[in-house]
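> Next input, structure requested:
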Amino acid sequence: MGFFINEFVGDFMETRPIAIVVDDSKPFLMYLSILLNRMNLEVLPVNNTAEAIEVSRVTRPSLITMDTMMPDMDGLEALHVIRADSELADLPVIMISSYQNKNKQWEALSLGCIDVLDKPVDLRRLHKAIQRCDLYPGGRRRYLRAPFAETVGLHHQGRLYTVSSVTLSERGIFLCMREQFAKGSHVEIDLPLPSGETMQVGGTVIYGKTQNGHVSAASQGMAIKFDRLTVANLKVLSELVANLLIGDIVTEQTEPVIKPV
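From the prediction side, this is the model:
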């Protein structure tokens, strides 16, 4: 069960990994930055590659996403500069392109690029690329995860608790509460759905975070891994998390930034 704690490790970290987003399109820069922020990254948006390289030297980001077609220095040229810089050579880079040019894609990959994503960006492919950047000390997150500031029902040993949730993944939830249940405790969660209905899922407590000198009362709580999920449960959770991450972006975007799920 220990590997599953990685799904919630961002909830326990005092600082978030830094991502620099580079694009000359203001809408793309804005919406991709919003999405990455929801994916628990500290985002620094930059509209030119030269500045991105300088900012990278100062901030030492955990990853950089970069458009291949840029007006000042194109993404591939910038990638060559990054790989030749002793301070930045190992920086994980995800390239994003509107044009499916296989030669440029292979060139980027040959320079150690994590992946070359098409525009509009596919959420799950972006997630997989980010996981390959190894941002978290405990390992990769296999499932999408989103902020989920909702009130949920928590059933435990015949009692019903009304608690606030912090984040929701496709396989678990982090709840903010002072009272801690023992690791391995079985619970039932009443999840509120956008339709106004609730869906009850079973779960097991896998981690508890109590208040101490370094942890505020607002961030203490428990990570719960969902289990006994039906096919219908899995489908609803997958759609719910994706909607939390990109639903409003897909509706509002004025140019194709994020691909609808």
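> so what's the residue positioned nearest the centre of the chain up against?
The centroid of the chain falls nearest to Met39 when counting by Cα atoms, centre = their mean (2.4 Å). By Cβ atoms under 8 Å, 6 or more residues apart in numbering, the contact list for Met39 reads His127, Ile130, Arg145, Ala146, Leu245. The way it works is simple: take the backbone N, C-alpha and C, and place the C-beta from them, glycine included.
> Let's see that with 7 Å instead.
Ile130, Leu245 (Cβ atoms under 7 Å, 6 or more residues apart in numbering).
> what residues does the helix ranked longest in the chain touch?
Ranked by residue count, the top helix of the chain under DSSP state H comes out as helix 231-252. With Cβ under 7 Å, 6+ apart as the contact definition, helix 231-252 has outside contacts at 31, 34-35, 38-39, 123, 144-148, 168-170, 193-194, 199, 201, 257-258, 260-261.
> Could you tell me which of those belong to helices?
Secondary structure from DSSP H places Tyr31, Ile34, Leu35, Arg38, Leu123 of the contacts of helix 231-252 in helices.
> ok, and the most crowded of the residues you listed?
Tyr31 (25 neighbours; other Cβ atoms under 10 Å).
> So what's the residue count around Arg228?
Using other Cβ under 10 Å, Arg228 has 11 neighbouring residues.
> Repeat that for Leu135.
22.
> give me every residue that touches it.
Pro17, Ser62, Leu63.
> So which of these is the closest to Gly221?
Lowest distance from Gly221 to the contacts of Leu135 (Cβ to Cβ) belongs to Pro17, with 21.3 Å.
> returning to what we had before: now restrict the contacts of helix 231-252 to buried residues only.
31, 34-35, 38-39, 123, 144-146, 148, 168-170, 201, 257-258, 261 (16 or more other Cβ atoms under 10 Å).
> Map the structural domains onto the sequence of the chain.
For the chain, the structural domains run 16-141, 145-246, going by automatic domain parsing.
> could you give the mean pLDDT of the shortest one?
In this model, domain 145-246 carries a mean pLDDT of 91.
> likewise stretch 254-261?
Rounded mean pLDDT across stretch 254-261 is 93.
> now swap in stretch 21-35 and tell me
Stretch 21-35 comes out with an average pLDDT of 97.
> Same question for stretch 41-52.
So the average pLDDT for stretch 41-52 ends up being 96.
> same question, stretch 85-95
96.
> picking that back up, what's the most buried one of the domains of the chain?
domain 16-141 (a mean of 18; mean count of other Cβ atoms under 10 Å).
> can you give me the offset of it from its chain's centre?
For domain 16-141, the separation from the chain centroid amounts to 14 Å (computed by Cα atoms, centre = their mean, to the nearest Å).
> My guess is Pro45 contacts Tyr31. True?
No. Between Pro45 and Tyr31 there is no contact under Cβ atoms under 7 Å: 10.4 Å.
> Not counting sequence-adjacent ones, nearest residue to Gly112?
Nearest non-adjacent residue to Gly112, counting by Cβ to Cβ, 6 or more residues apart in numbering: Arg83, 6.6 Å away.
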